[in-house]
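# Mind folding the following:
(one chain, ligands or ions: 1)
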Amino acid sequence: MYDTQVIIVGAGPTGLTLGIELARRSIAFRLIDIAKAPAPGSRGKGIQPRTLEVFEDLGVISSILAAGTPYPRLRVHLGPLSLRLGSLGGRKQATERVPYPNLWLVPQYRTEEVLRHRLAQLGGQVEFGTALEQVSARERGVEVHLSSGELVTAEYLIGCDGGRSSVRKELGLALRGETLDTEAAFVADVNIEELDHTDWHVWPFAKGGSIGLCPLPEPSLFQMMSPRKPAEGIDLAIHRVSGCDVTQIVWSSMYRPAVRMVDHLRVGRIFLAGDAAHLHPPTGGQGLNTGVQDAYNLGWKLAHVLRGGPESLLDTYEAERLPVAAAVLGLSKQIYRTRSLKRGDATNQLRLHYRTSMLSSGKPFGRLHPGDRMPDIRLADGTRLFDAMRGTHATEFTTGDGTRILIRPDGYIASIGGQPVAGFAGEPTHRVNGSRTSLECS
Ligand SMILES: Cc1cc2nc3c(=O)[nH]c(=O)nc-3n(C[C@H](O)[C@H](O)[C@H](O)COP(=O)(O)OP(=O)(O)OC[C@H]3O[C@@H](n4cnc5c(N)ncnc54)[C@H](O)[C@@H]3O)c2cc1C
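Model (predicted):
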């Protein structure tokens, strides 16, 4: 007997997503966080198009859209001149297959608030002020010492406890890679009432290092980023470049831009997800998004196995997510090194796929391969495929002439052509019909 089925350590975006995934499948879990209260700070503010699709499935898309804005245009200040450039987030029109084509700006504290609210709707909660202190593997399951003095047993433990992960250290896994700068970079949320709140202001040649001020979706609030903490003080550094006064410094932090990852995401019944497993520089806006999608990949598999499915399904988590983490880290590093402003298709995470996974079978259909993200399409009855896919089930899409596509609960194509799929047979499946033409256009 176990005290609970799963222990999730860390209630950042990764742990919260995993909590929602388990809660909506009625899996018993405890979600603990060492912090006494929710974390402040805008930090990871760029939500990528693929994550917006995940958020639609989790039932939080309207709240996330309401909490954010499109990415602002860049305004580069060079002495007396200022140059208005495009936006890092893109300005594409939504299409049938890509309903959320652009990067969406939401301060991380708001994203976490929305996810916590959804978790509460599903009956879950975060136990703040509770830290993992020690974990040991049992013959089946894990035993965990918490700072509350409790000794808790569970079938699985998931470390979503960020870059300094205690779970990772307990497992003895190293974060391999490199730090991209010898000095720590600076980030802060500041109120500046006098500064234009439309554009993302950048002073590339400010004394002591560039200064960026990105407007956040709250009046007068900006995220300040600089490669160094201004020696002369935040207020003075901002006043020097903009001529405006800072009315409040709401939050500030330092971080070391790094690209690092572990070489295993699983040790027995313990898994790592999010920053606990891979550390990104902020460039390209990938860290939070990759963590959310780790959790989205793992959640349905854990639930399936806990309901009696084959344990081997859990091996596909590392097999699928480790290459994704490596690819995304390579991209973030390249953007960091080249200071490239190009984004869009490379960073939107819509093309990430699991084509080589043991869960992917069958032949390509046009541009679609087993393992690809299933695009949204119009169904025979005029409704959207994404509406039919929303929820915890798998989906079988059939065209009039018989082509069958089986879509996993996380929206990736398991099989094309109706071949049996290893690993998650028996997962509840909704059946929908559409035309070959709509599929070919996708
Ligand atoms: C300046 C900046 C800008 C960024 N911009 C972007 C962006 O635009 N897009 C993007 O995708 N990402 C961005 N990121 C990265 C993003 O913030 C992180 O990738 C994201 O927070 C990772 O989420 P996580 O849930 O994995 O970990 P975290 O958010 O670090 O959460 C880990 C949680 O675990 C808890 N914890 C730690 N130890 C224990 C313990 N022993 N017991 C219990 N709980 C514990 C912590 O209190 C914390 O709440 C940015 C980061 C920075 C610093």
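
# Going by C-alpha atoms from here, please, whenever you check contacts or count neighbours.
Fine.

# center of this structure - which residue?
residue 289 (2.3 Å; Cα atoms, centre = their mean).

# how about the residues of the stretch 151-300 of the chain near the ligand?
160-163, 165-166, 187, 255, 274-276, 282, 285-289, 291 (Cα under 6 Å from any ligand atom).

# What subset of those is buried?
Neighbour counting with 16 or more other Cα atoms under 10 Å marks 160-163, 165-166, 187, 274-276, 282, 285-289, 291 as buried within those.

# picking up where we left off before, now, which of the residues of the stretch 151-300 of the chain next to the ligand lie within strands?
Those of those mapping onto strands are 187, 255, per DSSP state E.

# Tell me if I'm right that residue 318 and residue 268 touch.
No - judged on Cα atoms under 8 Å, residue 318 makes no contact with residue 268 at a distance of 11.9 Å.

# More neighbours: those two, which one.
Counted by other Cα atoms under 10 Å, residue 318 and residue 268 do not tie: residue 318 has more neighbours, with 20 against 15.

# Need the nearest residue in space to that one, chain neighbours excluded.
Of all residues beyond its chain neighbours, the one nearest residue 318 is residue 265 (5.4 Å), with distances taken as Cα to Cα, 6 or more residues apart in numbering.

# again with residue 192
residue 246 (4.7 Å).

# for the stretch 151-300 of the chain, what spans make up the helices?
166-171, 234-242, 287-306 (DSSP state H, counting those that start in this stretch).

# out of those helices, deepest packed?
Mean neighbours per residue, mean count of other Cα atoms under 10 Å, is largest over the helices of the stretch 151-300 of the chain for helix 287-306, with a mean of 24.

# Which strands and helices lie in contact with it?
helix 13-23, helix 49-58, helix 315-338 (3 or more Cα pairs under 8 Å, 6 or more residues apart in numbering; DSSP states H and E).

# make it 6 Å
Contact partners of helix 287-306 among helices and strands, from 3 or more Cα pairs under 6 Å, 6 or more residues apart in numbering; DSSP states H and E: helix 13-23.

# now the helix or strand following the helix it packs on and helix 13-23, what's the angle there?
Sequence order places strand 29-33 as the next helix or strand after helix 13-23, per DSSP states H and E. Put simply, strand 29-33 runs at 160 degrees to helix 13-23, going by axes from the mean of the first three to the mean of the last three Cα atoms, to 10 degrees.

# who does strand 29-33 pair up with?
strand 4-9 (parallel), strand 126-128 (parallel) (DSSP bridges).

# Need the outlier residue of the protein, farthest from its centre.
residue 80 (39.2 Å).

# who in the stretch 1-150 of the chain is up against the ligand?
Residues of the stretch 1-150 of the chain lying near the ligand (Cα under 6 Å from any ligand atom): 9-15, 32-35, 43-46, 131-132.

# filter those residues to the buried ones?
Looks like those have 9-15, 32-34, 43-46, 131-132 buried, using 16+ other Cα under 10 Å.

# so which two of these are the farthest from each other?
46 and 132 (29.2 Å; Cα to Cα).

# In terms of residue numbering, what are the domains of this protein?
4-68+106-179+259-346, 185-255, 361-440 (automatic domain parsing).

# Would you format the ones you listed as JSON lines with distance to residue 353 and mean pLDDT included?
As requested, the domains of the chain are exported to JSON lines (distance: least, Cα to Cα, whole Å; pLDDT from 0 to 100):
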{"stretch": "domain 4-68+106-179+259-346", "distance to residue 353": "8", "mean pLDDT": "95"}
{"stretch": "domain 185-255", "distance to residue 353": "30", "mean pLDDT": "96"}
{"stretch": "domain 361-440", "distance to residue 353": "5", "mean pLDDT": "89"}
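
# and of those domains, who's closest to residue 93?
domain 4-68+106-179+259-346 (12.4 Å).

# count of neighbours near residue 128?
Neighbour tally, residue 128, other Cα under 10 Å: 16.

# Same check on residue 429?
17.

# same deal with residue 201?
So residue 201, with other Cα under 10 Å, has 26 neighbours.

# Quick check: bridge partners of it?
Going by DSSP bridges, residue 201 forms beta bridges with residue 75, residue 213.

# Leaving out sequence neighbours, find the closest residue to residue 412.
residue 373 (4.4 Å).

# Residue 440 versus the one you found, what's the distance?
The spacing between residue 373 and residue 440, counted by Cα to Cα, to the nearest Å, is 15 Å.

# Neighbour count: these two, which is higher?
Using other Cα under 10 Å as the criterion, residue 373 and residue 440 rank with residue 373 on top: 23 against 11.

# Correct me if wrong: the more buried one contacts residue 414.
No - checked against Cα atoms under 6 Å, the pair residue 373 and residue 414 is beyond contact range at 9.7 Å.

# returning to that earlier point: using JSON lines, lay out the helices of the stretch 151-300 of the chain together with distance to residue 328.
Shown next, in JSON lines, are the helices of the stretch 151-300 of the chain (distance: least, Cα to Cα, whole Å):
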{"stretch": "helix 166-171", "distance to residue 328": "20"}
{"stretch": "helix 234-242", "distance to residue 328": "32"}
{"stretch": "helix 287-306", "distance to residue 328": "8"}
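
# residues in contact with the host helix or strand of residue 143?
In this assignment (DSSP H and E), residue 143 forms part of strand 142-146. Residues outside strand 142-146 that contact it (Cα atoms under 6 Å, 6 or more residues apart in numbering) are 131-136, 151-154.

# re earlier: show me which of the strands paired with strand 29-33 has the highest average neighbour count.
Using mean count of other Cα under 10 Å, strand 4-9 ranks as the most buried of the strands paired with strand 29-33, with a mean of 24.

# Distance from the strand holding residue 143 to the middle of the chain?
Its chain's C-alpha centre and that of strand 142-146 lie 27 Å apart, by Cα atoms, centre = their mean, to the nearest Å.

# Ok, stretch 224-231 next?
Centroid separation between stretch 224-231 and its chain, computed with Cα atoms, centre = their mean, is 26 Å.

# Now do the buried residues in it.
224-230.

# how far does it stretch from start to finish?
Termini of stretch 224-231 sit 15 Å apart (Cα to Cα).
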